[in-house]
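Student: build the 3D model from these lines:
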Amino acid sequence: MRPPTSVRAQTTLPAVAVALVLLTLVTALGLGLADSAIAGAERTPDERRVATATAERLVAADGPVAQRANVLNGSRVDAFDGAALHEAAPATESYAVAVRLGGDSVATTGEVAGGTTIRRLVLVERTETRTVEPESRRVTLPRRATGATITFSPSNGTAVRTMRVNGQVRLHNDSGLRGTFEIELTPYRTTRIALQTPGRLRPGAVEIAYETPRTTKTTLSVAVDA
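Tutor: Numbers count the residues shown, from 1 in each chain. So this is what the prediction gives:
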């Protein structure tokens, strides 16, 4: 019969082996997680730096899609894409980047699976064109109208000789105005147009198309994934 001490030693050996295997697995897993955490920590500052710089570039007054600081031009936003993003922010060429306005995608360069996202509150400005055919010699356009296109059609039997804008003569022809004219307006005041004609202003004799900006508030987000 074997001594009790020998039996206990043989019984303990498998348990020790199992413990060593488990310790090795735990150590390897811990090292792997540590390496992953370190790599992620190293990527995050670069992602945040690129995302922040890109967002600031897009909302700057001289940015590629800006109308003015923190106000984006809707038409420029519609034409913006990944190539334009790389040109505006060269640092993005080494990353996957996604630019969004609210829930709409604006520009992407690669697949963004996670990464770092920077958000900015912005206004998006779009221009609306409205048209009126005045039935009297006096027309009032609303504030914020930035420009107008005036079309005179003397074939309708009406000769408009002079057009005044807020009391100042802007167009004049003794024999009557004809054709299409572009005029700039002051957007910070109501525009009053006066038409001088020897007779009654007939329907269709004058057409005025004017532009007014419309702004909406939304969020610009820039996501960068290394």
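Student: please count neighbours and contacts with C-alpha atoms only from this point.
Tutor: Will do.
Student: from Thr186, how far out is Thr212?
Tutor: 11 Å (C-alpha to C-alpha, to the nearest Å).
Student: neighbour count: these two, which is higher?
Tutor: Shown here are Thr212 and Thr186; by other C-alpha atoms under 10 Å, Thr212 has more neighbours (19 against 12).
Student: overlap in contacts, Thr212 and Thr186.
Tutor: Arg144, Ala145, Thr146 (C-alpha atoms under 8 Å, 6 or more residues apart in numbering).
Student: now do the contacts for the second one.
Tutor: Spelled out, that is Ala145. So Ala145 contacts Leu185, Thr186, Pro187, Thr191, Tyr210, Glu211, Thr212, Pro213 (C-alpha under 8 Å, 6+ apart).
Student: pLDDT score for Thr27?
Tutor: Looking at Thr27, its pLDDT reads 51.
Student: where along the protein do the helices fall?
Tutor: Using DSSP state H, the helices of the chain run over residues 4-59, 74-79, 82-88.
Student: for stretch 207-223, buried residues please.
Tutor: Within stretch 207-223, the residues that count as buried by 16 or more other C-alpha atoms under 10 Å are Glu207, Ile208, Tyr210, Glu211, Thr212, Leu220, Ser221, Val222, Ala223.
Student: roughly how far is that stretch from the heart of the chain?
Tutor: 10 Å (C-alpha atoms, centre = their mean, to the nearest Å).
Student: avg pLDDT for it?
Tutor: 93.
Student: among the buried residues of stretch 207-223, which lie within strands?
Tutor: Glu207, Ile208, Tyr210, Glu211, Thr212, Leu220, Ser221, Val222, Ala223 (DSSP state E).
Student: save the residues you listed as a markdown table, and put in distance to Glu125 too.
Tutor: Below are these laid out as a markdown table (distance: C-alpha to C-alpha, whole Å):
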| residue | distance to Glu125 |
| --- | --- |
| Glu207 | 26 |
| Ile208 | 22 |
| Tyr210 | 16 |
| Glu211 | 12 |
| Thr212 | 10 |
| Leu220 | 14 |
| Ser221 | 17 |
| Val222 | 19 |
| Ala223 | 23 |
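Student: so who does Ala89 touch?
Tutor: Ala89 makes contacts with Thr54, Arg57, as judged by C-alpha under 8 Å, 6+ apart.
Student: which regions of the chain sit below the pLDDT cut-off?
Tutor: Scanning the chain for pLDDT under 70 picks out the ranges 1-43, 156-157.
Student: and if we set it to 80?
Tutor: Counting by pLDDT under 80, the chain contains low-confidence residues at 1-44, 154-158.
Student: please name the residues that touch Arg200.
Tutor: So Arg200 contacts Thr158 (C-alpha under 8 Å, 6+ apart).
Student: good, wrapping up.
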